[in-house]
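Asker: give me a model of this one.
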Amino acid sequence: MRASSVDVTYAGAIRALADIAFEIPPGQFTSIVGPSGCGKSTLLRLVAGLVRPTRGELSVAGQDPTTARREAARLSFVFQDATLLPWRTVSANVRLPLELQDAPRADRQQRVRGALELVGLTDFSGRYPSELSGGMRMRVSLARSLVTEPELLLLDEPFGALDDITRQTLNEELMGLWTRRRWTGLFVTHNIAEAVFLSERILVMSARPGRIVADVQVPFPMPRTADLRSQADFARLTGQVTAELRRADA
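Answerer: Alright, predicted model coming up:
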């Protein structure tokens, strides 16, 4: 994935992004942090081919993002809201992307079962969203995104509405999923500790128009465990990223 001198200006001359440039190799987990309204979600939508740049170039798997999404790179998007259909069971919600792709019926059940096993919800396949906790609903959303076996996973603050303990648990589970599958991950969050825990690299954005003002490498080996959060090096790096973010918001 590569961006070069990318700008996005919306109608009314609102400049959302300015001179965005980065390169993300396949299989890397990268987080994006920045002040509210700086264009983090716009950047994800650019990568997904849902927004087009006003200026500059952006490629995914060597292609225009829209083309890549349709023809080359399997892509999934996870939002802050689990966006589950309340009238469908857990397994039926997870199966939905396969139905939309018209995947062979013979494969659907096996792939849904595999995705639910990944997130530890096999025993809840027949439940409805209203019967699940917030954390479990987000696990269903993750399973739905993984059932298509994506090469690129875009996550827009998926754990932002959850309490800290549930959030940390899901961070650890997401880390485990990434370690097993090694898809390319692009993760938007306001939580600096979350970004440090999950990422190999953190891009810090400025206030609008959003620019990438720092590119921080995270040196901790993968996979990471919960005890990393209590280590001094983790606290130091979290403080460094926080300082970069404060400068970006100044």
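
Asker: by contact count, what packs against the lowest-mean-pLDDT helix or strand in the chain?
Answerer: Across the helices and strands of the chain, mean pLDDT, DSSP states H and E gives its lowest value to helix 65-67, namely a mean of 84. With contacts defined as 3 or more Cβ pairs under 8 Å, 6 or more residues apart in numbering; DSSP states H and E, helix 65-67 has no helix or strand neighbours. Yep, even glycine has a C-beta here, placed from its N, CA and C like the rest.

Asker: got the contact list for residue 66?
Answerer: residue 49 (Cβ atoms under 8 Å, 6 or more residues apart in numbering).

Asker: now with 10 Å, please.
Answerer: By Cβ atoms under 10 Å, 6 or more residues apart in numbering, the residues touching residue 66 are 48, 49, 50, 52, 60.

Asker: so how far is residue 178 from it?
Answerer: 25 Å (Cβ to Cβ, to the nearest Å).

Asker: again, but for residue 166
Answerer: Here residue 166 is placed at a distance of 18 Å from residue 178 (Cβ to Cβ).

Asker: compare the two (neighbour count), which wins?
Answerer: residue 178 (20 against 16; other Cβ atoms under 10 Å).

Asker: ramachandran angles for that one?
Answerer: Phi and psi for residue 178, reported as degrees, to the nearest 10, are phi -60, psi -40.

Asker: try the one 3 residues further on
Answerer: Main-chain torsions, residue 181, degrees, to the nearest 10: phi -100, psi -30.

Asker: around the residue lying closest to it once chain neighbours are set aside, count how many other residues there are.
Answerer: Leaving aside its chain neighbours, residue 181 sits nearest to residue 146 (7.4 Å; criterion: Cβ to Cβ, 6 or more residues apart in numbering). By other Cβ under 10 Å, 23 other residues sit near residue 146.

Asker: same check, this time on residue 29
Answerer: Residue 29 has 23 nearby residues by other Cβ under 10 Å.

Asker: what's the answer for residue 56, then?
Answerer: Neighbour number of residue 56 under other Cβ under 10 Å is 17.

Asker: so it makes contact with residue 9?
Answerer: No: in this structure, residue 56 is not within contact of residue 9 by Cβ atoms under 10 Å, at 11.4 Å.
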